[in-house]
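**Q** sequence isn't available, so here's the structure alone:
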């Protein structure tokens with residue numbers, strides 16, 4: 001890292017060189033914290049004697065140079081298509097080609113999954129693929145998070161565990177002897193379906209990016225700690 005400083009009290013200009021984009025992001029934050037200009041704001045807390053409790057904020061201009069922006073453990077064109085259409089077009093990526101490619105690859109894996117299921121069950125029946133199963137697949141994608149293998153796994157685990165949890169709750173309520181009427185008992189039978197719909201709505205409102213995005217945020221927080229802000 002090279003550092004160019006002006007007069008005393010001026011904001012320094014830092015030059016950060018890294019191999020990949022995540023590495024550049026981390027080095028830039030670290031460089032600002034170590035070599036940035038210390039500034040105080042009205043939001044810094046003070047003790048009874050007037051001394052500052054919080055460390056000073058840091059400010060700097062950072063020039064980031066990435067040696068290999070495609071050096072990621074993911075397929076670069078698909079990664080940029082996932083980030084945004086505008087960025088992918090700037091990078092000269094054929095969006096139509098890679099979207100069709102992604103659809104074809106996903107269809108291939110879906111076909112392999114169906115073949116394995118048919119081999120395991122010994123027969124294939126259209127009655128097994130009802131509307132509730134389609135809703136479960138949709139819920140897995142929404143809750144887990146789109147565009148992530150980890151999201152698919154987390155979404156599937158969540159949807160598979162949710163009915164078992166709801167069944168335990170139903171048994172607990174029935175064990176308490178609350179509402180022994182036929183209508184109440186019949187309503188409890190649909191709690192699993194209602195729970196899936198409620199989970200979809202809650203994730204769309206409060207966590208639209210799914211569990212995978214939340215997991216990435218948690219990992220990034222601890223990876224950059226104590227510079228996680």
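**A** Yes, it's here. Worth saying up front: this structure is predicted, and the values here are computed from it rather than measured.

**Q** looks to me like residue 30 is in a helix.
**A** Yes: residue assignment for residue 30, taken from DSSP: H, G, I helix; E, B strand; the rest coil, places it within a helix.

**Q** for residue 63, see how far away it is.
**A** 15 Å (Cβ to Cβ, to the nearest Å). (Each C-beta comes from the backbone N, C-alpha and C, glycine too.)

**Q** repeat for residue 191
**A** For residue 191 relative to residue 63 (Cβ to Cβ), the value is 57 Å.

**Q** and those two? Which one has more around it.
**A** Per other Cβ atoms under 10 Å, whichever of residue 191 and residue 63 has more neighbours is residue 191, with 16 against 12.

**Q** quick one: pLDDT of the nearest residue to that one once chain neighbours are set aside?
**A** Distance criterion Cβ to Cβ, 6 or more residues apart in numbering; nearest residue to residue 191, sequence neighbours excluded, is residue 166 at 5.1 Å. If you check residue 166, the pLDDT there is 82.

**Q** angles on the backbone of residue 166, please.
**A** phi -60, psi -40 (degrees, to the nearest 10).

**Q** quick one: neighbours of it, just the number.
**A** 17.

**Q** please apply the same query to residue 203.
**A** So residue 203, with other Cβ under 10 Å, has 21 neighbours.

**Q** make sure it is indeed in a helix.
**A** Yes: using three-state DSSP, the assignment for residue 203 is a helix.

**Q** spatially nearest residue to it, not counting backbone neighbours?
**A** Using Cβ to Cβ, 6+ apart, the closest residue to residue 203 is residue 143 (5.1 Å).
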